[in-house]
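Trainee: Please work out how this folds:
(chains A and B)
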2 protein chains.
Amino acid sequence: MLVADVQIRLKKGVADPEGKNTKKALELLGFSQVAEVKTSKYFSIHLDTDDEALAKIEVEKMCQSLLANPVINDYSYEFRHLSD
Amino acid sequence: MLVADVQIRLKKGVADPEGKNTKKALELLGFSQVAEVKTSKYFSIHLDTDDEALAKIEVEKMCQSLLANPVINDYSYEFRHLSD
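Mentor: Numbering: from 1, shown residues only, chains lettered A, B, ... in the order given. Below is the predicted model:
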């Protein structure tokens, strides 16, 4: 079994209100060294295959058709093998 | 400048409706090899320090006091150095 760890980030320049509010909240809690907080989303997709070449094609399609919004998101992924 | 990459996961056994719905949507799109989808949240926290020992103490506190909910979340983090 293969697991694809897909990270969906906001593109540079796209507003990240959750990150900004997290930074504010950390400052209010007394963490003074926080310069910036960026948030992103993570999908761990377990696949019923061990064919990494095929999985790469599929995961690329998943990102383009569902997981990422091409207007605001960048994405990257890596694979790891999971023993059943 | 140090960046802490903090990953907030759902604990084993905690329901992940977003993951389940993502799996359903992928199946509807024709991806038949998806066995499971797990979601998690990612914070990249830029810190005005190069002291990794100190940063570790601070980030641990951030996770416990704000970023993670100890009832439902596990968390992990790693550090990378960023050139200014």
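Trainee: How about the residues of chain A by chain B?
Mentor: Counting by Cβ under 8 Å from any Cβ of the partner chain, chain A comes close to chain B at A:1, A:7, A:19, A:22, A:25-26, A:29, A:31, A:33-49, A:55, A:58, A:61-62, A:65-67. Every C-beta, even on glycine, is put in place using the N, C-alpha and C of the backbone.
Trainee: Make sure residue A:43 is actually in contact with residue B:38.
Mentor: Yes - here residue A:43 reaches residue B:38: they are 7.3 Å apart, a contact under Cβ atoms under 8 Å.
Trainee: overlap in contacts of those two?
Mentor: Taking Cβ atoms under 8 Å, 6 or more residues apart in numbering or on different chains as the contact rule, residue A:43 and residue B:38 both touch residue B:19.
Trainee: low-scoring stretches of chain A, by residue?
Mentor: Residue ranges of chain A with pLDDT under 70: A:84.
Trainee: remind me, longest strand of it?
Mentor: Counting by DSSP state E, the longest strand found in chain A is strand A:34-47.
Trainee: Just the buried positions in stretch A:29-47, please.
Mentor: A:31, A:33-34, A:37-47 (16 or more other Cβ atoms under 10 Å in any protein chain shown).
Trainee: Which two among the residues you listed are spaced furthest apart?
Mentor: Spatial extent of the buried residues of stretch A:29-47 (Cβ to Cβ) is set by the pair A:33 and A:47 at 40.0 Å.
Trainee: Show me the strands in chain A, by range?
Mentor: Going by DSSP E, chain A shows strands at A:2-10, A:34-47, A:73-81.
Trainee: Now do the first one against strand B:34-47: the angle between them, please.
Mentor: Going by axes from the mean of the first three to the mean of the last three Cα atoms, to 10 degrees, strand A:2-10 is angled at 40 degrees with respect to strand B:34-47.
Trainee: try the longest one
Mentor: Inter-element angle recorded for strand A:34-47 and strand B:34-47: 170 degrees (by the same axes, to 10 degrees).
Trainee: Could you spell out the sheet neighbours of strand A:34-47, each with its direction?
Mentor: If you go by DSSP bridges, strand A:34-47 pairs up with strand A:2-10 (antiparallel), strand B:34-47 (antiparallel).
Trainee: now that strand, how far from the centre of its chain.
Mentor: 4 Å (Cα atoms, centre = their mean, to the nearest Å).
Trainee: And the residue lying closest to residue A:14 once chain neighbours are set aside, its phi and psi?
Mentor: If the residues on either side of it in the chain are set aside, residue A:14 comes closest to residue A:72, at 4.7 Å by Cβ to Cβ, 6 or more residues apart in numbering or on different chains. Dihedral angles of residue A:72 (phi, psi; degrees, to the nearest 10) stand at phi -120, psi -10.
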